[in-house]
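Dropping the sequence and predicted coords here.
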Amino acid sequence: MPDHPYAALIEQLSGDLRPVRRLAAPWRRTVVWCGAVLWVAAIIALFADFGPLWHRLMAAPDMMLAFAGAALTAVLAALAAFMTSVPGRSAWWAALPLPGLAVWLSAGTAGCLRTEAIGWTQPEAPMHPMACIYFIVLVSAPLSGLLMWQILRACPLRPALTASLAGLASAGAAATILAMIHPFDATYTDLLAHLAAVGVVVMAVRFAGRKAVRK
């Protein structure tokens with residue numbers, strides 16, 4: 001029986017093939033990313049005054065809840081991003097960060113309803129909300145870059161959804177880190193600035209993620 005006409009070509013193409021390295025489980029990749037977040041937080045912590053921070057959190061439970069809600073949003077959104085990047089996983093994983101987001105937003109809103117400023121806080125500077133936006137966006141940039149690098153190795157089938165979750169995770173982590181050096185009481189302008197920064201990060205990462213997958 002004569003050889004297949006493409007046998008030599010097939011042998012040539014398959015001769016250098018190597019086994020594909022299997023991606024780590026989503027929860028393992030989440031742990032790696034959270035480790036990077038802690039590394040960034042450790043650097044920012046060099047400029048934090050933890051004494052007044054602790055007094056602020058203890059004096060205002062809503063601040064503690066907002067801090068915890070932002071951190072929980074970051075972790076759950078990162079896990080959801082990794083889960084939705086795996087083919088065959090349900091898009092309902094995108095709802096995973098909603099509990100943390102609800103705590104974050106409701107606690108932040110409750111803090112704005114206080115009629116008297118709590119102790120261990122400073123008067124808010126006029127341009128402070130813009131500084132919050134800059135901080136969240138700039139800190140989110142390397143965190144979202146690392147997260148998207150981890151995600152794109154899986155070739156996500158829903159790039160817009162997965163990238164949006166990655167942006168939410170990065171913005172939540174940046175907002176959590178910001179709380180360490182944020183000596184001001186909760187205000188509506190401050191809350192709106194944080195929400196605007198989160199929206200900017202989510203949309204930017206969503207756009208970048210879709211472009212990267214198309215390439």
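Sure, I can see it. Quick caveat: nothing in here was measured; it's all calculated off a predicted structure. Numbering: from 1, shown residues only.

any low-confidence regions in the chain?
Counting by pLDDT under 70, the ranges of the chain that qualify are 1-21, 115, 117, 119-120, 122-126, 212-215.

80 - rerun?
Applying pLDDT under 80 to the chain flags the ranges 1-23, 56-57, 114-128, 153-156, 183-187, 210-215.

for it, longest helix please?
helix 188-214 (DSSP state H).

Go ahead and measure how far that helix is from the middle of the chain.
With C-alpha atoms, centre = their mean, to the nearest Å as the basis, helix 188-214 stands 10 Å off its chain's centre.

and that helix, what does it pack onto?
helix 98-112, helix 128-152, helix 159-178 (3 or more C-beta pairs under 8 Å, 6 or more residues apart in numbering; DSSP states H and E). All C-beta spots, glycine's among them, are computed from the backbone N, C-alpha and C.

chain center to stretch 135-143, what's the gap?
The mean C-alpha position of stretch 135-143 is separated from the chain mean by 9 Å, C-alpha atoms, centre = their mean.

Contacts for that stretch, please.
For stretch 135-143, contacts defined as C-beta atoms under 8 Å, 6 or more residues apart in numbering pick out 33, 36-37, 40, 44, 167, 169-171, 173-175, 177-178, 194, 197-198, 200-201, 205.

and the residues you listed, which are buried?
Buried members of the contacts of stretch 135-143, scored by 16 or more other C-beta atoms under 10 Å, are 33, 37, 40, 167, 169-171, 173-175, 177-178, 194, 197-198, 200-201, 205.

Residue 181 against residue 47, yeah?
Yes: between residue 181 and residue 47 a contact is recorded at 5.7 Å, counting by C-beta atoms under 8 Å.

Between the two, which is the more surrounded one?
residue 181 (14 against 8; other C-beta atoms under 10 Å).

got a list of what that one touches?
By C-beta under 8 Å, 6+ apart, the neighbours of residue 181 are 44, 47, 48.

One more: residue 113?
Contacts of residue 113 (C-beta under 8 Å, 6+ apart): none.

these two touch, right, residue 179 and residue 69?
No: assessed by C-beta under 8 Å, residue 179 is found out of contact with residue 69, at 10.7 Å.

Between the two, tell me which one has more neighbours.
More neighbours surround residue 69 than the other of residue 179 and residue 69, with 24 against 17 (other C-beta under 10 Å).

could you measure that one against residue 158, distance?
Applying C-beta to C-beta, to the nearest Å, the value for residue 69 to residue 158 is 25 Å.

What of residue 129?
33 Å.

Counting neighbours, go ahead and name the busier of the two.
Using other C-beta under 10 Å as the criterion, residue 129 and residue 158 rank with residue 129 on top: 21 against 17.

so what's that one closest to, chain neighbours aside?
Of all residues not flanking residue 129 in the chain, residue 193 sits nearest, at 3.5 Å (C-beta to C-beta, 6 or more residues apart in numbering).
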